[in-house]
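K.L.:
Pasting the sequence and the predicted coordinates here, then a few questions.
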Amino acid sequence: MNRPARPLIHPRDEIVQAMERIYRYRMTTTSGGNLSVRDENGDVWITPARVDKGSLRREDVIRVRAGGQVEGPHRPSSEHPFHQGIYQKRPDVRAVVHAHPVALVAFSICGQVPDTTLFPQARHVCGAVGFAAYALPGSEQLGRNIAEVFGRGFDCVLLENHGVVVGGATLQEAFERFETLEFTAKTVIKASLLGPVRYLTPEQIALAHRPREPLPEHEPGPAGTPEKDLRREVCEFVRRGCRQRLMTSTEGSFSARLDGDAFVITSYRVDRHTVDVEHLTLVRDGRREAGQQPSRAVPIHQAIYRRHPEVRAIVNAIPVNATAFGVTATPLDARTIPESYLLLRDVAVVPFGWQYEDGERIADLVSPERPVALIENDGALVLGTGVLDAYDRLEVLEATAEAVINSRPIGAVRRMSDATIDELVRAFLKPKPSV
């Protein structure tokens, strides 16, 4: 049996890296939010009070010893009392994230919490969400309110008129919960502008997490330069997808065909923000690279590659605006501007549950002529003739969806006519006659 990996990154560095990511993705402000880690000695490492979160340095991080002594150049965060309260109430929690991301703040000021049964992964990562009554920020009462809700088993707690607090066994786990919960809240808000929001049943969520038979293994030979180039290109676009908020640290699969029935694909449970070439799995003839655990989307990608030889890259992603259409009954009509229709065509809809089969029904539904599908309550599926083509199509999908949602307060969308579409198809999609 493999031993659990020993944490080797210092708490100061963990906190700085996590805060950089949270600030870069605009999930906190210069003065807002605080992070902490409780180490094996019971000491708590925490962000300081009144220090710019956009330029936090490792030496700024404060150590509060188990006995209460404070070490560092600043005062600890004024919210330190509720971090300590959570740690006392929940010995299993070793890291805490508190911030004010806009979608979750919107829920908090309405006295509501997002329903994480919107997506299988959201329910799995976040669980149900608790709610703590308002108290003065930094007060002992606020600490008691939050700790009491954590004590009832919640790992994610919204604070009335304040923000959110998330705990985890590690700072990475706490961050993943925080990021996933904010993504869920954003999607609910966007989807609510389109129509009634569809949530999943317990049976549907259980289906998503049903154990699957692992693929048999193969021992690949030395990687040639085409495979090395392909791995590098896929990783670059996965990281870009995270920067563009088209993927999260736990959600999103990208694959690219190497040759014939071989493709590389992102691996399961690898942080998409920091994915590198060794984090991809080579799948060949239905077998996975020895020692690697590929994305659970392998059956879908494999079926599409086998059915459609022209397809060279496939992306599963969860862009907020496109995904909002996938949790409502409102179709996403790409007949908005020429680029949208040329890249997206008529967007298909995959019924929830098909993604957990062998992929054949989805391979029948999509094609080079119909390269985009929304999977009900599970994001988007995009095909391309190459990595860049697939990623470009994903960006256009999200931009189109956002434009349509943003048009709702303005007026009715002026859909391009059939004659206009026919003209576009003749000019750009039909093969030119040979001379």
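P.N.:
Noted; the coordinates are in hand.

K.L.:
ok, which stretches of the stretch 51-200 of the chain are strands?
P.N.:
Listed in chain order, the strands found in the stretch 51-200 of the chain under DSSP state E, counting those that start in this stretch are 62-64, 70-71, 95-99, 129-132, 156-159, 163-168.

K.L.:
Over to stretch 239-251 now: how far is its first residue from its last?
P.N.:
Across its full length, stretch 239-251 reaches 12 Å between end residues, using C-alpha to C-alpha, to the nearest Å.

K.L.:
returning to what we had before: could you dump the strands of the stretch 51-200 of the chain into CSV and include distance to H10, mean neighbour count and mean pLDDT?
P.N.:
Just so you know, the C-beta spots here come from the backbone N, C-alpha and C atoms, and that holds for glycine as well. Formatted as CSV, the entries for these read as follows, by distance: least, C-beta to C-beta, whole Å; neighbours: other C-beta atoms under 10 Å; pLDDT from 0 to 100:
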stretch, distance to H10, mean neighbour count, mean pLDDT
strand 62-64, 11, 20, 95
strand 70-71, 14, 12, 92
strand 95-99, 13, 27, 97
strand 129-132, 31, 21, 98
strand 156-159, 26, 26, 98
strand 163-168, 18, 26, 97
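
K.L.:
what would the ones you listed look like in CSV with distance to L388?
P.N.:
Conversion of the strands of the stretch 51-200 of the chain to CSV gives the following (distance: least, C-beta to C-beta, whole Å):
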stretch, distance to L388
strand 62-64, 45
strand 70-71, 50
strand 95-99, 34
strand 129-132, 38
strand 156-159, 37
strand 163-168, 35
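
K.L.:
what's near enough to touch E14?
P.N.:
Contacts were defined as C-beta atoms under 8 Å, 6 or more residues apart in numbering; by that measure E14 touches 37, 95, 171-172.

K.L.:
separation between it and H273?
P.N.:
14 Å (C-beta to C-beta, to the nearest Å).

K.L.:
ok, now V113?
P.N.:
As judged by C-beta to C-beta, V113 and H273 stand 26 Å apart.

K.L.:
now do S55
P.N.:
Applying C-beta to C-beta, one obtains 20 Å for the distance of S55 from H273.

K.L.:
do T201 as well
P.N.:
As judged by C-beta to C-beta, T201 and H273 stand 31 Å apart.

K.L.:
same check, this time on P91
P.N.:
From P91 over to H273 the distance is 29 Å, taken as C-beta to C-beta.

K.L.:
State the mean pLDDT of the strand or helix carrying R239.
P.N.:
Taking DSSP states H and E as the definition, one finds R239 inside helix 225-243. Here helix 225-243 scores 97 as its mean pLDDT.

K.L.:
who does that helix touch, helix- and strand-wise?
P.N.:
Helices and strands touching helix 225-243, by 3 or more C-beta pairs under 8 Å, 6 or more residues apart in numbering; DSSP states H and E, are strand 253-259, strand 262-266, strand 280-284, strand 313-317, helix 387-407.

K.L.:
Deepest-packed of the ones you listed, please.
P.N.:
Mean neighbour count, computed with mean count of other C-beta atoms under 10 Å, is highest for strand 313-317 among the helices and strands packed on helix 225-243, reaching a mean of 27.

K.L.:
show me where this protein has helices.
P.N.:
Listed from the start of the chain, the chain has helices (DSSP state H) covering 11-24, 80-89, 102-109, 120-126, 140-151, 171-192, 202-208, 225-243, 298-307, 320-326, 338-344, 360-365, 387-407, 418-424.

K.L.:
Out of the ones you listed, which is the most enclosed?
P.N.:
Each of these was scored by mean neighbour count; the highest is helix 320-326, a mean of 26, by mean count of other C-beta under 10 Å.

K.L.:
can you list the residues that contact that helix?
P.N.:
Residues external to helix 320-326 that are found in contact with it (C-beta under 8 Å, 6+ apart): 183, 186-187, 190-191, 193-194, 245, 331-332, 349, 374-380, 397-398, 400-402, 405.

K.L.:
now do stretch 283-300
P.N.:
For stretch 283-300, the external contacting residues (C-beta under 8 Å, 6+ apart) are 212, 214-220, 253, 255, 258, 261-269, 281-282, 301-302, 314, 316, 355, 357-359, 362-363, 381.

K.L.:
go on, stretch 45-58?
P.N.:
Residues from elsewhere that reach stretch 45-58 (C-beta under 8 Å, 6+ apart): 10-13, 15-16, 19-20, 22-23, 28-39, 60-64, 72-78, 80, 83.

K.L.:
Go ahead and confirm Q204 touches F352.
P.N.:
Yes - between Q204 and F352 a contact is recorded at 6.1 Å, counting by C-beta atoms under 8 Å.

K.L.:
quick one: common contacting residues for the two?
P.N.:
By the contact definition C-beta under 8 Å, 6+ apart, Q204 and F352 are jointly contacted by N377.

K.L.:
can you give me the offset of stretch 355-370 from its chain's centre?
P.N.:
23 Å (C-alpha atoms, centre = their mean, to the nearest Å).

K.L.:
what is the mean pLDDT for it?
P.N.:
In this model, stretch 355-370 has an average pLDDT of 96.

K.L.:
so how far is stretch 350-367 from its chain's centroid?
P.N.:
21 Å.

K.L.:
end-to-end on that stretch?
P.N.:
Criterion C-alpha to C-alpha; first-to-last residue distance in stretch 350-367 is 13 Å.

K.L.:
what does stretch 219-227 give?
P.N.:
The straight-line separation of the ends of stretch 219-227 (C-alpha to C-alpha) is 15 Å.

K.L.:
chain center to that stretch, what's the gap?
P.N.:
A distance of 30 Å separates the C-alpha centroid of stretch 219-227 from that of its chain, computed with C-alpha atoms, centre = their mean.

K.L.:
now swap in stretch 314-329 and tell me
P.N.:
Relative to the mean C-alpha coordinate of its chain, stretch 314-329 is positioned 11 Å out (C-alpha atoms, centre = their mean).
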